[in-house]
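> Give me a 3D structure for the following:
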Amino acid sequence: MSAHYPRIRHYSVYESGRYLSIRESVGITFYMRHPHQEVARRVLHTLEVYRRAVGPGALGCYLDEEGEWRNLDDEAWKRTRQDLLYPSGANVQLGGASDDFYGYAFTYYGEQFDATRPSNDKGVTCMVAFWLPTEYLEEHGPAQVRELALELAAELPFNSGHAGLSLLFPEAVLGMAGHIRDVAFRYPGLDIPDQSICMDIGTRVKGAHWLTFLGQPVLGRLGGAAGLRARLLAPDTSVQQMEGERALVTLGKWPEAGDLEQGQTLPEYRELARQLEPWLYERQCGRSGFSLEDIRRWERRFLD
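Prediction:
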């Protein structure tokens, strides 16, 4: 149990054994309103950056076309690289080694679309996510995790992105919503990942996080990095200008989960959320175990 976040481990029991199905982790996610062909090689490069940081053995399996997890051997790595560069789009999901399945993970959803056509769905994006166990955070420290997130971000033409504490669980597996709800409304700093939002988030932002990456057009509407810096008064909040009219907002040295039962409301997160509110992403339907009202309450947890 860290002073900054709770230890969350939920195990599911099947005939074949007992498996870790929900845990607290560190998620790093970017949304890019650019077609797959423009970002695919950059995403492949960030995957190699991530592997260098976590070690070549951290990722040990991949999700095949039938939805089964398979061993990520040399031949599978070759196919993974080919899949990432496939011209019409890609859906790549990699998981941790078998002895720590939900500690490390990588996900990429790439769509091929014409962002210049007004008739095209304006919400579709390419999304890439990298996952670290909290043990990595504790061993290497938050500064190194922040530097890794910055190195990944530097390669990507993101419109928005975020990094911080998050629940990690297999989204396709049903029956876990109750366990997620138990912590979702208690610890506001714990993100709930939702891979489907890449289909309609567009250039909006998914709220305030420990690390919040802002690109265009939202950063421009906030007055750029300098304008945003002037709006944020919390002493431990920093705004770093990045190349290409982008910025990184950092809320303190460590990512924090908060705890509403203990009165830990994360005021610096609330301050940033108020500035981002006009461009906040809102899901248009519920999800397994969460009504639309639940979703809206959770999305606005730093605002209401």
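> what's around Arg297, how many residues?
Arg297 sits with 14 neighbouring residues when counted by other Cβ atoms under 10 Å. (C-beta placed from N, C-alpha, C; glycine too.)
> mind checking which helix or strand it is in?
Using DSSP states H and E, Arg297 sits within helix 292-299.
> what does Gly60 give?
In the assignment (DSSP H and E), Gly60 maps to strand 59-63.
> Strand partners (parallel or antiparallel) of the helix or strand just after that strand?
With elements assigned by DSSP H and E, the helix or strand that comes after strand 59-63 is strand 69-71. Strand 69-71 has these partner strands in its sheet, going by DSSP bridges: strand 59-63 (antiparallel).
> quick one: Glu24 is in a strand?
Yes. Glu24 forms part of a strand when assessed by DSSP: H, G, I helix; E, B strand; the rest coil.
> dump the residue contacts of it.
Applying Cβ atoms under 8 Å, 6 or more residues apart in numbering to Glu24 gives the contacts 5-8, 134, 165-168, 190, 257.
> what would those residues look like in TSV with neighbour count and pLDDT?
Output for the contacts of Glu24, formatted as TSV (neighbours: other Cβ atoms under 10 Å; pLDDT from 0 to 100):
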residue	neighbour count	pLDDT
Tyr5	22	94
Pro6	15	94
Arg7	9	93
Ile8	21	90
Thr134	22	96
Leu165	26	98
Ser166	26	95
Leu167	21	92
Leu168	26	89
Leu190	23	96
Ala257	23	97
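> Can you give me every residue that contacts the nearest residue to Trp69 once chain neighbours are set aside?
Closest residue to Trp69 apart from its sequence neighbours, by Cβ to Cβ, 6 or more residues apart in numbering: Cys61 at 4.7 Å. Cys61 is in contact with 69-72, 94-98, 101, counting by Cβ under 8 Å, 6+ apart.
> Which of those residues sits closest to Cys285?
Of all those, Gly95 has the smallest distance to Cys285: 27.0 Å, by Cβ to Cβ.
> looking at the contacts of Cys61, which has the most residues close by?
Leu94 (25 neighbours).
> And the helices in the stretch 151-300 of the chain, which stretches?
177-184, 218-221, 224-231, 267-276, 292-299 (DSSP state H, counting those that start in this stretch).
> one step back: lowest-confidence entry in the contacts of Cys61?
Across the contacts of Cys61, the member with the lowest pLDDT is Phe101, scoring 55.
> is the residue nearest to Trp69 in a bridge, and if so with what?
Under the criterion used (DSSP bridges), Cys61 bridges to Asn71, Gly95.
> Redo the contacts of Glu24 as a markdown table? Include distance to Leu228.
Below are these laid out as a markdown table (distance: Cβ to Cβ, whole Å):
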| residue | distance to Leu228 |
| --- | --- |
| Tyr5 | 26 |
| Pro6 | 30 |
| Arg7 | 34 |
| Ile8 | 32 |
| Thr134 | 29 |
| Leu165 | 22 |
| Ser166 | 23 |
| Leu167 | 28 |
| Leu168 | 29 |
| Leu190 | 24 |
| Ala257 | 24 |
